[in-house]
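Asks: coords please:
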Amino acid sequence: MDAFEVGQTVRITGKTMTGNVGTIVHFDDKRNKYLVRVDAVTQNYFPAHELEKFSG
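Replies: Sure thing, here's the model as predicted:
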């Protein structure tokens with residue numbers, strides 16, 4: 001069972017992009033990572049332990 005869902009807003013807590021808030025746009029089953037889009041040109045993959053639910 002996945003920790004997050006596509007369309008959910010999350011805050012990044014890992015070393016890369018810490019503190020940024022973005023939206024999950026994809027889950028990569030092979031890499032077990034979520035693609036988080038921060039703005040129109042910035043996105044990156046993160047494991048679940050580097051994300052937290054955001055209710056801002």
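Asks: wait, what's in contact with residue 52?
Replies: For residue 52, the contact set (C-beta atoms under 8 Å, 6 or more residues apart in numbering) comprises 10-11, 13. All C-beta spots, glycine's among them, are computed from the backbone N, C-alpha and C.
Asks: Need the residues you listed in TSV (columns: pLDDT).
Replies: Listed next are the contacts of residue 52 as TSV, based on pLDDT from 0 to 100:
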residue	pLDDT
10	98
11	98
13	96
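Asks: What values do phi and psi take at the residue positioned nearest the centre of the chain?
Replies: Centroid check for the chain by C-alpha atoms, centre = their mean gives residue 36 as the closest residue, at 3.8 Å. Residue 36 adopts backbone torsions of phi -110, psi 120, taken as degrees, to the nearest 10.
Asks: what do you get for residue 35?
Replies: phi -90, psi 120.
Asks: Not counting sequence-adjacent ones, nearest residue to it?
Replies: residue 26 (4.0 Å; C-beta to C-beta, 6 or more residues apart in numbering).
Asks: Give me the neighbour count for that neighbour.
Replies: 12 (other C-beta atoms under 10 Å).
Asks: got the contact list for it?
Replies: 6, 34-35.
Asks: what helix or strand is it on?
Replies: Assigned by DSSP states H and E, residue 26 belongs to strand 21-28.
Asks: Would you indicate which residues of that strand are buried?
Replies: Buried residues in strand 21-28, defined by neighbour count with 16 or more other C-beta atoms under 10 Å: 22-24, 27.
Asks: And stretch 35-43, by the same measure?
Replies: 35-36.
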